[in-house]
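1. fold the following, please.
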Amino acid sequence: QVQLVESGGGLVQPGGSLRLSCVASGFTLDYADIGWFRQAPGKEREGVSCISRRDRRTYYADSVKGRFTISRDNAKITVYLQMNSLEPEDTAVYFCARPTVDCSYFIRYPNQYDYWGQGTQVTVSS
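-> Sure, this is the predicted structure:
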C-alpha cells in the first residue's frame, strides 16, 4: 500500500523557518521523483519543488527559489522541504506527491501525480 505522510507544518512568524517531512512507504523511494505542491484557499494549486530520483536534481517555483530547499534521504525514505524566510503568501496546505511526469513539468503542472499525502498546514502570520 503506497503512502505518503507529511509532517512539520505549523504557525510561524514572517521571516521564520519550517522543515516539512514526507515519509514514503509502499514503494521504493530510490526509484521515484517526489514533489511538493501547495494549495491555499481561493488560489490555484502551485507546484513548489521537486527532486529527481536519478541525479537528485532539484526544481523550484520562482516564488520560492532561494528560500526553499528540497532534499531526500532514501535510507530514511524521507523527502524534506526546508523553508526559510517565510512570507504570509506561503500560507497554504502543503502536500507531497509522486509525480507521473518529469519534475520540470510537475512544477508547471502540479496535478500530474498518482499518489499524494494528506497535507500539512503552514501558516505564516505575526
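2. residue nearest the middle of this protein, spatially speaking?
-> Nearest residue to the geometric centre of the chain (CA atoms, centre = their mean): residue 36, 2.3 Å.
3. that one is in contact with residue 80, isn't it?
-> No. If you go by CB atoms under 8 Å, residue 36 and residue 80 don't touch, sitting 9.8 Å apart. The C-beta positions use only the backbone N, C-alpha and C, and glycine is treated the same way.
4. any shared contact partners between these two?
-> Common contact partners of residue 36 and residue 80 (CB atoms under 8 Å, 6 or more residues apart in numbering): 20, 22, 70.
5. most surrounded residue in these?
-> Using other CB atoms under 10 Å as the neighbour criterion, residue 22 leads these with 28 neighbours.
6. return the residues in contact with that one.
-> 4, 5, 6, 34, 36, 78, 79, 80, 81, 96, 117 are the contacts of residue 22 under CB under 8 Å, 6+ apart.
7. quick check: it is in a strand.
-> Yes. Counting by DSSP: H, G, I helix; E, B strand; the rest coil, residue 22 is part of a strand.
8. list the beta-bridge partners for it.
-> residue 6, residue 79 (DSSP bridges).
9. distance-wise, check it relative to residue 36.
-> 7 Å (CB to CB, to the nearest Å).
10. shared neighbours, those two?
-> With CB under 8 Å, 6+ apart as the test, residue 22 and residue 36 both reach 79, 81, 96.
11. close enough to count as contact, the last one and residue 36?
-> Yes. The criterion here is CB under 8 Å, and residue 96 meets it with residue 36 at 5.4 Å.
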